[in-house]
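Visitor: For reference, the sequence and a predicted model appear below.
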Amino acid sequence: MINLPRPEDLKRYRKQIGLTQQELAEKASVSQSLIARIEAGTVDPRISTVRKILDVLKSSKQKQLKAIDVAVTKVITIQEDDLVSEAARLMFAKGFSQLPVCDANGRVIGSIKETTITRKLIEDGTAILARPVSEIMVSDDALPILPISASLESVEDLLVRHGHSAVLLMDEGEIAGIITKADVIRTYLR
């Protein structure tokens with residue numbers, strides 16, 4: 001059984017996004033009067049029509065959202081001379097798979113991923129835990145960086161199409177936020 005949105009939910013969602021009935025109708029290739037009747041609950045639309053309307057609403061919401069609206073803004077980082085053991089403990093305690101790495105001036109110089117730590121542990125043994133993070137960082141671990149004004153769509157492109165695990169948002173050289181795939185999923189579940 002498919003749970004379709006109620007007429008009042010469609011209307012509320014359309015208004016939240018800032019579309020008129022006419023704009024929604026044009027984008028969904030249906031008539032404005034059909035949108036009005038659907039929202040009033042006086043017509044039982046075909047599932048294909050509802051799907052087209054929902055696709056337009058989701059697409060419009062996505063284009064409207066900025067990356068910073070979805071980002072976690074309290075970003076936890078690690079310093080380049082902190083020990084690998086500290087990075088591993090922090091990742092384990094927080095449930096993170098990577099951490100941005102900063103230099104002594106607070107500038108992002110890369111990131112460290114749990115896969116890199118795991119690989120190094122297997123290859124070199126536990127001695128790597130006493131080494132500075134900067135010694136085992138690899139260029140493949142670098143997180144892409146976008147400006148704070150970036151669209152959510154541009155972040156989704158980096159996460160999904162390019163396979164990055166996270167994207168950093170920067171504002172005048174400072175970390176403003178981080179977005180992972182889980183953050184994007186959470187946004188669409190709201």
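Guide: It's in.
Visitor: other SSEs contacting the lengthiest helix in the chain?
Guide: Of all the elements of type helix in the chain, the one with the most residues (DSSP state H) is helix 47-64. Helix 47-64 is packed against helix 7-17, helix 21-28, helix 32-40, helix 152-156, with contacts defined by 3 or more CB pairs under 8 Å, 6 or more residues apart in numbering; DSSP states H and E. Glycine gets a C-beta too; all of them are placed from N, C-alpha and C.
Visitor: right, so these: which one is the most enclosed?
Guide: With neighbours taken as mean count of other CB atoms under 10 Å, those reach their highest mean count in helix 152-156, at a mean of 20.
Visitor: what packs against it?
Guide: helix 47-64, helix 181-189.
Visitor: re earlier: of the helices and strands packed on helix 47-64, give the one that comes closest to residue 165.
Guide: Among these, the nearest to residue 165 by CB to CB is helix 152-156 (12.1 Å).
Visitor: With just CA atoms, put that closest one into PDB.
Guide: Extracted in PDB, the C-alpha atoms of helix 152-156 (Å, rounded to 0.1, in the frame of the first residue of the first chain):
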ATOM      1  CA  LEU A 152      22.900  21.800  -1.500                       C
ATOM      2  CA  GLU A 153      22.800  20.500  -5.000                       C
ATOM      3  CA  SER A 154      26.500  21.200  -5.500                       C
ATOM      4  CA  VAL A 155      27.300  19.300  -2.300                       C
ATOM      5  CA  GLU A 156      25.100  16.400  -3.300                       C
END
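Visitor: what's the neighbour count on residue 55?
Guide: Neighbour count of residue 55, defined by other CB atoms under 10 Å: 12.
Visitor: Show the contacting residues for residue 28.
Guide: 35, 49, 52, 53, 55, 56 (CB atoms under 8 Å, 6 or more residues apart in numbering).
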